[in-house]
Each structure stands twice: as structure tokens, then as C-alpha cells.
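Asker: coords please:
(2 chains)
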Amino acid sequence: MIMSRVQRQKLKWGLVFISPWLAGFIILTLYPMGASLYYSFTDYDVLRPPVWVGVQNYTVFLTQDNLAFTAISNTLFYAVFSVPLGIVVAVALALLLNARVKGLAVFRSIFFIPSIVPVVASAVLWVWLFSTRNGLINLGLQAVGLPKVAWLSDPAWTKPALIIMSLWSVGGSVVIYLAGLQDIPQPLYEAAMIDGANTWQQITRITLPLLTPQIFFQLVLGLIGAFQVFVQAFILGAIGGGALGMGSEAGPANSLLFYSLYLYLNAFRFFRMGYASAMAWLLFLITLALTLVVLRSSRQWVHYGGA
Amino acid sequence: MSSKQLPNRRMFLKTIGFGALSGALAACGQAAQQSGSSPTPIEIEVTKEVPVTTEVEVTKVVEVVITATPAPKPPAMRVTAPTVTPQPEPAVDLAFWDWYGRLVWNNQDLKQVQVDAWNAANPNIRVSYLPNAGAKEKVLTAVASGTPPDLLLTDPPADYVYRGALETLQPYIDLGNHPFEKDAIYPGVWQAMEYEGQVYGVHKVVNNGGLYINADLFWKAGLDPDKPPTNLKELEEYALKVQRTDSQGNIEILGFSPWMNIAGIWGTWAQAFGAQMWDAQNRRVTFDEPASIRALEWQVEYAKKMGGYEKILEFNDSLQGGVDPFGSGRVAMYYTGPWQIGIMQDHYPTINYRTARAPVPEGGRPGSWLGGSWLVIPKGTKHRDLAWEFLRFYCGRDAQNYEGTQGIGFSIFPEDNAKNEWFKSVKLLQPFLEDLPNCWPIPLIPTVSHAFFTAFNPMVDEALRGRRTAEDAMKEASRLAQAEVDRFLTR
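Answerer: Numbering: from 1, shown residues only, chains lettered A, B, ... in the order given. Below you'll find the model as predicted:
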């Protein structure tokens, strides 16, 4: 491509102006990504120089590591339940918060607050809520005649506990759905009402279809987030540890060993940096593939109103 | 560690930062760092159910207050450092990182006091102490980049030793101008300083596990707290007698848990049953020794007798965060280190309690594993000789004696502990002192944290949940740990 002198001049100044970002991107993102790609083909423990091992890290993880299977299935379990549930709850809350009632701003603030509580603090809070004998959740269950649940020490219940916990911070997505709801043209509802549509019909025929762009956006973000779930599991493992008996820090019977947690353990507990790098790249590929599937499917179900 | 003791910020960060590994040892030396409120102790009725006359009971209680309470404070002590001659010109700064935090006890910042004493005597060799700076990834990165700290206090140094991250101290040891003679140090302590014939670090203040007995709960159950269980069979018997469950079968007061606080970590029970766990000659992890399997079978049986593993987990879960389960009277017998005496003194002064030697099976190996910190010199320091000079002081007899006495731990030199008049006057410390010569090191597996926290402990858990037999669990633990050792050593 041939550039005129003016264009070259403009390019130069453009680059100068974005150079702070460019430098940050190259040094803090591009280089580490490249380095981790390189390390993923090595055996590297930080102190000794890396040794090239080819694709061994990838093949071992995919074919020989028992914990890899546990980590992937735990993560899938979490993603399959937490993402749809999160969307349903957030949309429902948004619909409620969109109603014209007094003190709406207060309610919106209340539902948003959990999203700004640091995740460590909220995890500590949830450890208490989930306490088997004194926890509020179990007291509630018992009040309606249901049995107590050992949320944090029974391997069958640790992931459901984490999913329930994840619903607590849907405030962020509620805000986005609220914005989407404001965007839906009023005349559509008026027309529907004239045609005799009841509220449920209005929601299913107008609101939800026109909310699909936001749902789609949240689905993609939710999937990526679910595959990276780490902090909550890490804290529940570490703090709830007292209740977890002799199990590992990945919860009883490794039931909270999520992909990212296992990656972290390999990198910073066992210093298998090469292996952890390979895991990171595999996670990237998995997330990319799933995102592409969702993107492809979006043509069938996402409706962009107005356009 | 009982991770229910949360509110202390440092403990919390430790838990997050290092996970279970540090938690295990973090408890050592924790005495001085317990902060927070003193909860009201649970009131216990003593008299009603005891088939002895009330008068006798009262006499006993009075007696206990006198004998069970240790001398409130250790004697005031000074620590002085030798001056290294000649002093280097120009002055040198030594960075001293600590994996653990400050040790503050009776308003004294014990580690800082020692560093200050050194700096006063050595104006040109300034040591700057940095607590909470020993996260492994941080230290390894510093060593890899050629800017390591000059001195490091750490938990078991195996992970560093086998990565070549430490300077060997053997040339200095061979010179002989130091107190670190094999015969002058507890045998278990010495073993944990030496890796394949080379000394890599010197233990600073050592502590071991013992049994704490709640005297009130014992009397209430018709037991005599001055006759502690002498083996696991008696421990079981007493635990069942003192344990209290509510109408729904929930444990209200737990007799004893083999997995609470420091009990059960680093393979305590396997070692008590006589297992070695590591064959240094052949570099084999031996978690599947018969003794280790027997130990696990005992734990499985024990859990069943106490109402089931799940019930004990549920009990752990019911403990209030930040409240010591022994101090608050929820646990009758408690396996932990001497620092508990400090916790009791500070927060639960009204509880009558006794200490006893660590419980082991009949004919088993007496003692417990040894905790504490190791002072090491990371590879690549520019001031190796001066770092050694500081180490010679900091791990020397005076400094060990000072920190041990002031911080409720023990010197690594048995002779000094035997001469320590304050130790002699505190009855509660005697069982620990008696056990020390028998205690064993944390197994010297090169990948020790992986071996225990990824292989051994989860497999113990599997067996306790009935998902595997004890034998199967230990075989699998051995296999998992060995694979990591092989991978690590053969590269």
C-alpha cells in the first residue's frame, strides 16, 4: 500500500498518541502471552531454565491426568447450571426493577450492592450462611421442614452452594438488562395491549425477544466467566477448610477443583509453569470454541430491534 | 491449623496465600499473634454428675488454679549479639525475609528485638527484617532473577533445596566455629536440617504437638484429668466418655478429633504408628507401608465410633469463627503445640486444663512431628559470609533461648532447655519437653507440599468417607506422590 506523505505523517502521530497503550499492550499482554505459549511446550519451574518437551504438557493433561478430568467436569457442571440460572434470575430481577413503583432507585441500588462487595468478603459471608448447623440457609430449610444440608463438607453439595453464591452478584447484569428494557419501544406494548395481550404474552412476545441482544452478550460473558471461576472456590476451599476435614484445598473429594484453580495450583503451588501454561492455552481454546458456537447460533435467536 | 480462627488478618492472608501448607506451620509461633476479643467461656456444671462429694471437688478446683496456670510471664531477658570484626567497609545491608509474620509477645517484637541487637553490635552489617515476605513464588522469582534476599526464614526447605535455590551451609558447618553440632541438637531437628548429607538451613526455635485436656469436662464425665490417656485406645475410651451429643445426634462437645488443628497434618498418625513415609536411599515415597495403612484404618474406625466422619465435619462447621474450640470448651481433648498455652492465657484464663504427651498407639513411636522455621541463605546472595555470621547469631544458643523462652517455643539445644528455670517452673510445658527428643521431622520428600496436600491428605479423606479402603487409598497416595517426585528429580 502506498501512503502519501500526509498519511504517513498522520500514522506517525497516531502511533505516538496511542503509544502509552501500545507499550502497555506489548509489554504487559503480548509478551506474556507469547512467553506462556513458549513455556507451554517446556518443563519450567521458574528457577531452572526451561527444557523443551514439545506437546508433552498438552498430551499429558488430555490423556493421563486424572485431576484434569475432575477439573473439566467440575467446571462444566458449574457453567451448565450457573450461566442459565444467572440469566433467568437477572432477567426476572430486571423485569421487577423495571416496574413503576415507589423507591425504585433504592431497590436497584440494593440489588447492585452485592456486585461491588469484594468477592473475598462476600465469600467469607457465604461461608457463614452455608454453615451446616448455624447457617441461615439451613435454618430456613429446617423452618419449612426440610433436612439440613452439609453445603461445604458434602462433595455433592459444594458446587450447588457455589452456584447459589454466584446468583448473589447478578446486580451487574441486571443493570445491563435494565438498560435493554428501556430500549424497547413503548408503542409495541401499546399495540399489544390494544390487541388484548396480557402481561405474560407481552413479556414472552415482546420483552424477551427484544432483550435477546443483552442476553446474548451476557451468555458469552457468563460462559467465559464460568470457565474462569476461581476466587470463590479458592476462598471456600481455604476458609471453609475447617469444615472440609482432610480434603485438599480444592474442596472435599476435589469437588471444587475448577479448571482455573487447578491451573493455579500447578503454577504456584507445584511450580509446574510449563504445564500450567499449556492448561491456560487449552482453556483459551475451549472458551474460544464455545464462544464461536454461541456466536454462530446467535443468528437463529438474537433479534436486534429497531435496526 | 484450625481454620476457624479467622479474624486475625495475618492468619487470613496466610491462609489465602499459602493454603494449607503454611497454615500447618503458621500455627507454630502463633501464640503471640492471637488477637481479637476474649469470648465469654462456656459455663460448665462440675458437681452434679460426679460421684464424689462436693467438698472434694472444690478442693480440686482450687488446686487446679494453682497448678494449671503457668507463671504468667517469662522472666525479662536480654539478647546480645557478637560484633563481627573487622566490620566491612563500606557498610552492607542484608535483606532478611520471613515466610511468617512478626512474633509479638508480652509487648515485645521478638524477632525485631534480635535483629536490633545484631544491628547495634554490627553498625556496618545492617540487617533489615521483612515479615510476611516468604511466598514461595516470590522467593523463587527473586532467586531466578539474581536478586534474592540474603537470609530467609522458611517452612520445610525441601522445595527450595531440590530446586537448587539455596546455598549449602556445609562448608561453614565443616569449619566448626559454631554451636550446630549434631550431638548438641535434638535428633529430629538435625535430620530436618540435612538433605542428602548437606546442611541447608538451621532450625530456629522448635515446637511439637501435645494433648490439651479440658479438666472440667473430664471431671464432669467422671474422668481424672491428671491421668491423661497413654495410648490411642485410652484416648478413644475417654473421648467417648466426654463427648456430648444433642437429641438429634449432633455433637455438642467433641471428645477428640484426629484431624483438628495440627493433628493429622504431615502424616502425624502414620508416623505415630511407625511409618517412615519416605525412603531417602531409594527416593521412594512409602505412604503404603503397613504402618501407614494401619494408621488410616484406625482413623476410619475412630470416626465411626465417634458418630461418623460427617458428624465430625458438621461439628467443625458449627464452630464459631475466631473462637478457639478448646478454649471455648467445645472440644475436650485437643492436639496442638505449646503456643496454645499463650492462647489460653490471653483469651481463656478461666478454663482449667492440663497438657499431656502426644497420643500414640500402644507400642507406637512416641512424639510428634517438629514445627518451626528454618533460616536459610538463598542462592546468589552477594554477602554469603556475612549472612552466615548473622545466622550463627540468630540460630545460636542465646537467640534460640531468648525466642524460645519469650515466645513459648523451645531451643533446638536440649541442654539449654534443661537448664531453663522458667521452663522447669511451668508444669504445662513438661509433656512437650519430655517428647522433644523423640520427635521426628516432617518427611523429607523433595516435593513435600505436593505429596501431602495433593496426594496424601485427599486420599485420607477418601478413606474416611468410605470411598476407598485404607490400603487402596494409601497405595494411590503413594503412586500420586511418587509420580511427582520422579518428574521432579529426573528432569
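Asker: which residue is the nearest non-sequential neighbour of A:Thr207?
Answerer: A:Ile184 (6.4 Å; CB to CB, 6 or more residues apart in numbering or on different chains). Glycine gets a C-beta too; all of them are placed from N, C-alpha and C.
Asker: how many residues are close by B:Tyr402?
Answerer: Look at B:Tyr402: counted by other CB atoms under 10 Å in any protein chain shown, it has 22 neighbours.
Asker: quick one, what contacts B:Glu403?
Answerer: Residues near B:Glu403 by CB atoms under 8 Å, 6 or more residues apart in numbering or on different chains: B:103, B:110-111, B:114, B:204-205, B:409.
Asker: tell me which entries of the residues you listed lie within helices.
Answerer: Members of the contacts of B:Glu403 lying in helices (criterion: DSSP state H): B:110-111, B:114.
Asker: phi and psi next, for the most centrally placed residue in chain B.
Answerer: In chain B, the residue lying closest to the centroid (CA atoms, centre = their mean) is B:Gly371, at 3.8 Å. Main-chain dihedrals, B:Gly371, degrees, to the nearest 10: phi -110, psi 170.
Asker: got the contact list for the host helix or strand of A:Gln7?
Answerer: Under the criterion of DSSP states H and E, A:Gln7 resides in helix A:5-25. With contacts defined as CB under 8 Å, 6+ apart, helix A:5-25 is touched by A:Met3.
Asker: average pLDDT for that helix, rounded please.
Answerer: For helix A:5-25, mean pLDDT is 94.
Asker: can I get the contacts of B:Glu403 in a markdown table with distance to A:Phe234, neighbour count and pLDDT?
Answerer: Shown next, in a markdown table, are these (distance: CB to CB, whole Å; neighbours: other CB atoms under 10 Å in any protein chain shown; pLDDT from 0 to 100):
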| residue | distance to A:Phe234 | neighbour count | pLDDT |
| --- | --- | --- | --- |
| B:Leu103 | 28 | 25 | 89 |
| B:Leu110 | 32 | 24 | 94 |
| B:Lys111 | 30 | 25 | 96 |
| B:Gln114 | 35 | 23 | 97 |
| B:Lys204 | 31 | 24 | 95 |
| B:Val205 | 31 | 25 | 95 |
| B:Gly409 | 31 | 28 | 92 |
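Asker: and the furthest pair within these?
Answerer: Longest distance between any two of the contacts of B:Glu403 is 13.4 Å, between B:Gln114 and B:Gly409; criterion CB to CB.
Asker: quick one: low-confidence parts of the stretch 351-491 of chain B?
Answerer: Across the stretch 351-491 of chain B, the ranges flagged by pLDDT under 70 are B:491.
Asker: tell me the bridge partners for the residue nearest to the centre of chain B.
Answerer: Going by DSSP bridges, B:Gly371 is paired in beta bridges with B:Asn207.
Asker: B:Pro378 too?
Answerer: Listed by DSSP bridges, the beta-bridge partners for B:Pro378 are B:Leu166.
Asker: report the separation between it and chain A.
Answerer: 10 Å (CB to the nearest CB, to the nearest Å).
Asker: pretty sure that residue contacts B:Ser145?
Answerer: No - between B:Pro378 and B:Ser145 there is no contact under CB atoms under 8 Å: 11.5 Å.
Asker: who has more neighbours out of those two?
Answerer: Taking neighbours as other CB under 10 Å, B:Pro378 and B:Ser145 compare with B:Pro378 leading, 24 against 10.
Asker: spit out the contact partners of the more buried one.
Answerer: If a contact means CB under 8 Å, 6+ apart, then B:Pro378 has B:139, B:142-143, B:148-152, B:160, B:165-167 as its contacts.
Asker: what's the spacing between B:Glu415 and chain A?
Answerer: Distance from B:Glu415 to chain A, by CB to the nearest CB: 38 Å.
Asker: could you chop the chain up by domain?
Answerer: With no chain named, the answer covers chain A. As assigned by automatic domain parsing, chain A contains the domains A:1-39, A:56-301.
Asker: wait, chain B
Answerer: For chain B, automatic domain parsing gives the domain ranges B:92-208+B:369-438, B:261-294+B:447-491.
Asker: near chain A, anything from the last one?
Answerer: Yes - counting by CB under 8 Å from any CB of the partner chain, chain A has neighbours in domain B:261-294+B:447-491: B:264, B:447, B:449-450, B:453-454, B:457-458, B:460-462, B:464-465, B:467, B:484, B:491.
Asker: just the buried residues of the residues you listed.
Answerer: B:264, B:447, B:449-450, B:453-454, B:457-458, B:460-462, B:464-465, B:484 (16 or more other CB atoms under 10 Å in any protein chain shown).
Asker: pick out the most distant pair among the residues you listed.
Answerer: That would be B:Thr447 and B:Arg465, which, of those, are the farthest apart (CB to CB) at 25.2 Å.
Asker: show me the shaky parts of the stretch 101-250 of chain B.
Answerer: For the stretch 101-250 of chain B, applying pLDDT under 70 flags no range at all.
Asker: in the lengthiest helix in chain B, which residues are buried?
Answerer: For chain B, the helix with the greatest residue count under DSSP H is helix B:470-490. Within helix B:470-490, the residues that count as buried by 16+ other CB under 10 Å are B:470-471, B:473-478, B:480-482, B:484-485, B:487-488.
Asker: then stretch A:59-67?
Answerer: Neighbour counts over stretch A:59-67 (16+ other CB under 10 Å) mark A:61, A:65, A:67 as buried.
Asker: and the end-to-end length of that stretch?
Answerer: Length of stretch A:59-67, first residue to last, CA to CA, to the nearest Å: 14 Å.
Asker: do you know the pLDDT at residue 66?
Answerer: Just so you know, I chose chain A. A:Asn66 is assigned a pLDDT of 83 by the prediction.
Asker: try chain B instead
Answerer: In the prediction, the pLDDT value recorded for B:Ile66 is 38.
Asker: for B:His347, same thing?
Answerer: pLDDT, read off for B:His347, is 87.
Asker: what does A:Leu152 give?
Answerer: pLDDT for A:Leu152: 84.
Asker: ok, now how distant is it from A:Trp128?
Answerer: Counting by CB to CB, to the nearest Å, the gap from A:Leu152 to A:Trp128 is 11 Å.
Asker: again, but for B:Pro75
Answerer: The value you get for B:Pro75 to A:Trp128, if CB to CB is used, is 43 Å.
Asker: these two: which has the busier surroundings?
Answerer: Legend: neighbour count by other CB under 10 Å for B:Pro75 and A:Trp128, higher for A:Trp128 (15 against 11).
Asker: burial count for the residue nearest to B:Lys475 when sequence neighbours are not counted?
Answerer: In this structure, B:Lys475 finds its nearest non-sequential neighbour in B:Asp288, 4.8 Å apart by CB to CB, 6+ apart. If you count neighbours by other CB under 10 Å, B:Asp288 ends up with 20.
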